[in-house]
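Asks: This is a predicted model, with the sequence first.
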Amino acid sequence: MTWEIGSGLSIGAILLVVIVTAAMLIWVERRLLGFWQDRLGPNRVGPFGLLQVVADMIKIFTKEDWIPPFADRFSFVLAPTIIMIVILMSFSVIPFAPGLGVVDSNVGILFVLAMASLGAYSVMLGGLASDNKYALLGSLRAAAQMVSYEVFMGVSLLGVVALAGSFNLREIVIAQEGGWYVIPQFVGFVIFLIAGIAESHRLPFDIPEAEQEICAGYHTEYSGMKFGMFFVGEYLGLVLISSLITVLFFGGWNGPALLPPIVWFSAKAFFFIAFFILLRAAIPRPRYDQLMSYGWLFLLPLSLVNLLVTGAVILMQI
Amino acid sequence: MATFFKLVLLVKDTLISQVVSLWKVFMHLFVETDTVQYPEQQPHMFSRWRGRIILTRDPDGEERCVACNLCAVACPVDCIALQKTETEEGRWYPDFFRINFSRCIMCGFCEEACPTNAIQLTPDFEMAEYKRQDMVWEKEDLLINGTGKYHETNFYRIAGKAIPGKDKGEARNELPPVDTRSLLP
């Protein structure tokens, strides 16, 4: 057992760390939201309230796991597993540090985008199988939102791909040793950030599960651990988007040599996780048609222009 | 195309306001929290807070309550029960005085109704019990040794009723009783 790409040890370690991080984010998010709202957040269970996650886990595992009699049993059970599996699969191509990862794929970005598209099925199936009007509305919204935002999520990354000359995430990180791509690709970074929020349906783009409008959206009928899987899947998506931003625009593990590469990666990823939580604390949710017109009429043309200019500049340099 | 430029303007305006609000919310990280960490840290209670009900004594150390039943009548949830009795000298007092705190809504009407300032509400709010029966407080539980919020009130020293040590006409601000016989011409 060695620490190399694809060894059992590193696969196990990555799986464990990613899931534990996603679970701990429940506590991190509540604490940070508390501080930003002049409160304290959960601070009673264990030191600094760290064991709150354990308490939540015990609660959610021992809750009644109820399947409504009018639901379509097969898809109802299938839906929450899809989102977990799909997002955990996406982590396989993320380069955490030199020599640490699951696969070194030549089409890393495409793989992540494909998996993100599959994630839409989880939400759609969950809403449809529930046979509940709020769940149906939520999954309709989710389908429209994810389909439209995936388009320019991919387009916004093409600038990075063109600069690095590779779809391989590991090579993209190595290509950023001279300078992070956030500087030449700032527009692409902003578009990817916005598309990433919409893709992981975090606030302010949590329109599929907007609690104040449509109850809990697609997971209205879910309870117990099935709800927990949707919940952890959302946090996994948050970690994934933060890791992708780190890898694609902020030089991945690159950083001054005084800290090991994995620490740089984690620090950058955590910065973006905290930024996403700050977005949740500060920005109100847009209306549904605003989100769609904003995506199709503004962000899509902007990302195409960005790609055009990037391509022109690269061609002029050759 | 015009739609696109209109959107660009809209996005520019909204983007600036979004960034400003992000910054303002972030700066709340350095603002002291409003949370009072309750069991370790006691909240500041105001003296007029309507909490646990007490029965007080007058400055002479006697029970203020004259068992007039006005509090029980005023109580909107009927949580007060009492029975009047009197001493051999004719001084009225409650034989039993019972407040069912599982019913009490801390409205303070009893305190307003009380003519002798006997029943008073205090700032104590920590009244949780494990058994419902423990929420019923008897007179021994309610009666305190002090005067509570109102130190002066002393009903039997003001009222004209004769009690041992104070005859008719000896109360505060009371004139001697009119001697009807001396009015004869």
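Replies: Okay, I see it. Residues are numbered from 1 along each chain as shown, chains lettered A, B, ... in the order given.
Asks: what helices or strands is the strand or helix carrying B:Trp23 leaning on?
Replies: For B:Trp23, the host element (DSSP states H and E) is helix B:2-27. With contacts taken as 3 or more CB pairs under 8 Å, 6 or more residues apart in numbering or on different chains; DSSP states H and E, helix B:2-27 sits against helix A:261-282. Just so you know, the C-beta spots here come from the backbone N, C-alpha and C atoms, and that holds for glycine as well.
Asks: For the helix it packs on, which helices and strands make contact with it?
Replies: Contacts of helix A:261-282 with other secondary structure elements, assessed using 3+ CB pairs under 8 Å, 6+ apart, are made with helix A:8-36, helix A:224-249, helix B:2-27.
Asks: Which is the succeeding secondary structure element to the longest one?
Replies: Sequence-wise, the next helix or strand beyond helix A:8-36 is helix A:52-62, with elements assigned using DSSP H and E.
Asks: any idea how far chain A is from B:Cys97?
Replies: Wrong residue type there; residue B:97 is Phe, not Cys. B:Phe97 sits 40 Å away from chain A, taking CB to the nearest CB, to the nearest Å as the criterion.
Asks: Would you mind extracting the C-alpha trace of the host helix or strand of that residue into PDB?
Replies: Under the assignment given by DSSP H and E, the secondary-structure element containing B:Phe97 is strand B:92-100. Coordinates of the C-alpha atoms in strand B:92-100 are reproduced here as PDB (Å, rounded to 0.1, in the frame of the first residue of the first chain):
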ATOM      1  CA  TRP B  92     -58.700  38.200  57.900                       C
ATOM      2  CA  TYR B  93     -56.200  35.900  56.300                       C
ATOM      3  CA  PRO B  94     -56.300  33.100  53.700                       C
ATOM      4  CA  ASP B  95     -56.600  29.600  55.200                       C
ATOM      5  CA  PHE B  96     -55.000  28.300  52.000                       C
ATOM      6  CA  PHE B  97     -53.700  30.100  49.000                       C
ATOM      7  CA  ARG B  98     -52.900  28.000  46.000                       C
ATOM      8  CA  ILE B  99     -51.500  29.100  42.600                       C
ATOM      9  CA  ASN B 100     -51.400  26.600  39.800                       C
END
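Asks: Residues of the stretch 1-150 of chain A that sit close to chain B?
Replies: Residues of the stretch 1-150 of chain A lying near chain B by CB under 8 Å from any CB of the partner chain: A:Gly34, A:Phe35, A:Trp36, A:Gln37, A:Asp38, A:Arg39, A:Leu40.
Asks: So which of these is the closest to A:Leu113?
Replies: A:Trp36 (32.0 Å; CB to CB).
Asks: neighbours around the closest one, how many?
Replies: One way to gauge burial is a neighbour count; for A:Trp36, by other CB atoms under 10 Å in any protein chain shown, it gives 21.
Asks: okay, which residue is most central for the chain?
Replies: Looking at chain A here, since you left the chain open. For chain A, A:Gly237 is the residue whose C-alpha lies nearest the centre (CA atoms, centre = their mean; 2.7 Å).
Asks: that answer is for a different chain, and I need it for chain B
Replies: Most central in chain B under CA atoms, centre = their mean is B:Leu121, positioned 2.0 Å from the mean C-alpha point.
Asks: Strands of chain B, start to end?
Replies: Using DSSP state E, the strands assigned to chain B run over residues B:53-55, B:80-86, B:92-100, B:119-121, B:136-137.
Asks: Now mean pLDDT and distance to A:Pro208 too, for these, in TSV please.
Replies: Conversion of the strands of chain B to TSV gives the following (pLDDT from 0 to 100; distance: least, CB to CB, whole Å):
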stretch	mean pLDDT	distance to A:Pro208
strand B:53-55	92	52
strand B:80-86	92	55
strand B:92-100	92	50
strand B:119-121	92	50
strand B:136-137	92	52
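Asks: can I get these in TSV with distance to A:Gly179?
Replies: Listed next are the strands of chain B as TSV, based on distance: least, CB to CB, whole Å:
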stretch	distance to A:Gly179
strand B:53-55	73
strand B:80-86	79
strand B:92-100	76
strand B:119-121	70
strand B:136-137	75
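Asks: what residues are up against residue 156?
Replies: No chain was given, so I picked chain A. A:Val187, A:Gly188, A:Ile191, A:Phe192, A:Ala195, A:Ser303, A:Asn306 (CB atoms under 8 Å, 6 or more residues apart in numbering or on different chains).
Asks: please go with chain B instead
Replies: Shown in contact with B:Tyr156 (CB under 8 Å, 6+ apart): B:Asp58, B:Glu62, B:Arg91, B:Ile163, B:Lys166.
Asks: quick one: which of those residues is nearest chain A?
Replies: B:Asp58 (45.7 Å; CB to the nearest CB).
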